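Novice: Give me a 3D structure for the following:
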Amino acid sequence: MKLGYSSDPNLLEPVFTGRIQIVEFSESDDFVTIVAQSHATELTQDIKAIEEPQNKSTFGLGSWNVWGFGDNATTGRIFEEMLAQPEVIHFGRWERGDSTANRELLTNQFQFVPHPADDNIFAPPPSVDLDTLGAGTFFKNLSYSIYRTTIWDIFKEMEMRHPNFIGSPVPYSAGGGSERMTYFFGLPNQLYFARAPTPEEQSAQNKIQQDEKTTQEFIVKQSAKVSTMRKVLKQTLDTKIGGISLTGLPSAETLQVYEDIYRTAYNNSPIGRTVRKTVNEVYRKKRLLLAKEAGYIKPFRNYHLFTSSSHIVANNIRADGRNVANTVAVRYPGAKVDVSALGQVSVSSTTNTFILKLDNALPTEDIRTQVGDFPNQHG
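Specialist: This next block holds a predicted model:
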């Protein structure tokens with residue numbers, strides 16, 4: 001089910017995704033009753049670990065260790081395992097090598113395994129779970145038990161682990177007319193993947209990525225040229241006889257060697273990685289802005305919560321006539337010119353008053369005047 005204001009159904013936002021369960025036609029009136037069931041019911045249709053508990057555990061070095069020794073009890077791993085259950089078939093998952101995922105726009109691509117782990121699961125890294133939830137001082141242990149519960153209940157328990165996080169199943173347009181669900185787990189106001197980009201939108205993303213590659217390669221080539229020219233200049237100054245000509249560029253073979261050297265340093269040295277990461281961040285922000293403007297990446301919460309404790313919900317101001325002027329009198333200095341019968345001219349100072357009423361038909365008893373004096377205003 002889609003809602004919106006466009007005549008093109010492809011531009012409408014999906015608000016419900018599921019299957020029709022019941023269709024009833026009224027015998028007396030022109031009414032049709034349709035009962036539909038959301039795909040989110042897949043999270044409640046099976047009870048896990050009915051016979052005996054399934055115990056999950058993670059043991060590691062807290063924040064020192066990215067994974068711990070077996071991260072089965074961490075939040076992200078539990079989400080990943082539950083979304084892989086056989087009854088959950090309408091919730092999306094990341095596919096390795098998916099060029100249209102754009103997942104690095106909302107995650108740290110320099111991590112060994114970027115987050116989110118599945119679709120819109122923005123669970124904290126395993127090291128955070130161990131450090132904040134794990135018991136122990138140095139080697140920390142984190143455990144979780146699944147027993148006679150549904151996937152939905154498990155997901156709600158993960159919200160209790162992380163009080164600032166929320167979870168909710170929402171519709172997701174996968175492209176090509178395919179509609180499915182996605183489960184969001186993260187902070188309410190953060191960005192999430194609302195739908196798949198259209199081919200045109202993905203082409204624009206690819207164009208920016210190609211521009212980034214061109215910029216990275218340009219930095220390598222320019223660094224190699226500068227280094228080669230410096231070497232030529234040094235050799236010339238050392239010979240003191242100008243044995244090497246500076247009128248031409250370095251040879252293509254020499255320049256290629258320097259480019260290879262700088263490309264290796266650019267990819268592996270600390271300075272090179274810093275520059276590469278800085279350039280990547282510039283273009284990542286361009287891609288993210290493009291995705292936000294198109295609407296396939298947007299804030300999960302599309303409303304603002306106002307409360308009387310932090311906002312002015314009611315100021316209890318009433319509009320009435322008390323202490324409200326309806327007539328303004330502006331007084332300013334002027335000059336009065338008198339001409340006598342003998343033709344003598346005399347000039348004396350005077351005060352002019354300009355009166356403006358809100359309504360010329362105001363009764364005298366209802367006039368409330370505000371006087372303004374402007375002694376430095378002449379004329």
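Novice: What is the burial count for residue 198?
Specialist: Neighbour count of residue 198, defined by other Cβ atoms under 10 Å: 15. For every residue, glycine as well, the C-beta is placed using N, CA and C.
Novice: mind listing what it touches?
Specialist: residue 175 (Cβ atoms under 8 Å, 6 or more residues apart in numbering).
Novice: That one and residue 173, how far apart?
Specialist: 10 Å (Cβ to Cβ, to the nearest Å).
Novice: Also residue 31?
Specialist: Here residue 31 is placed at a distance of 30 Å from residue 173 (Cβ to Cβ).
Novice: neighbour-wise, which of those two wins?
Specialist: residue 173 (21 against 9).
Novice: which residues does that one contact?
Specialist: Shown in contact with residue 173 (Cβ under 8 Å, 6+ apart): 14, 179, 195-196.
Novice: what about it, which helix or strand?
Specialist: Using DSSP states H and E, residue 173 falls within strand 166-175.
Novice: Mind listing residues that contact the helix or strand that that strand is followed by?
Specialist: Remark: after strand 166-175, the chain's next helix or strand is strand 178-186, criterion DSSP H and E. The contact list for strand 178-186 (Cβ under 8 Å, 6+ apart) reads 14, 17, 38-40, 43, 79, 83, 90-92, 116, 118-123, 155, 158-159, 165-174, 192-193, 300.
Novice: mind checking how far residue 283 is from residue 210?
Specialist: From residue 283 to residue 210 the distance is 10 Å (Cβ to Cβ).
Novice: Which residue of these two possesses the greater neighbour count?
Specialist: Neighbours per residue (other Cβ under 10 Å) separate residue 283 from residue 210, with residue 283 holding more: 17 against 11.
Novice: nearest residue to the more buried one other than its sequence neighbours?
Specialist: Spatially, and ignoring its direct neighbours in sequence, residue 283 is nearest to residue 212 (3.9 Å; Cβ to Cβ, 6 or more residues apart in numbering).
Novice: Quick check on the contacts of strand 178-186: which are buried?
Specialist: Applying 16 or more other Cβ atoms under 10 Å to those, the neighbour count classes 14, 17, 39-40, 43, 79, 83, 90-92, 116, 118-123, 155, 158, 165, 167, 169-173, 192-193, 300 as buried.
Novice: would you list every one of the strands in the stretch 101-250 of the chain?
Specialist: Using DSSP state E, counting those that start in this stretch, the strands of the stretch 101-250 of the chain run over 120-121, 140-146, 166-175, 178-186, 191-193.
Novice: One more: the stretch 251-379 of the chain?
Specialist: Remark: strands assigned in the stretch 251-379 of the chain by DSSP E, counting those that start in this stretch are 297-299, 327-339, 345-357, 369-373.
Novice: Now the second one: average pLDDT?
Specialist: Right, strand 327-339. Throughout strand 327-339, pLDDT has a mean value of 73.
Novice: From the strands of the stretch 251-379 of the chain, pick the one with the highest average neighbour count.
Specialist: For the strands of the stretch 251-379 of the chain, average neighbour numbers computed from mean count of other Cβ atoms under 10 Å are highest in strand 297-299, which has a mean of 17.
Novice: contacts for that one?
Specialist: Here strand 297-299 has contacts from 102, 105-106, 189-194, 288, 291-292, using Cβ under 8 Å, 6+ apart.
Novice: Write the PyMOL selection for whichever of those are buried.
Specialist: Here is the PyMOL selection string for the buried members of those, based on 16+ other Cβ under 10 Å:
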select buried, resi 102+105+106+191+192+193+194+288+291
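Novice: Appreciated, that's everything.
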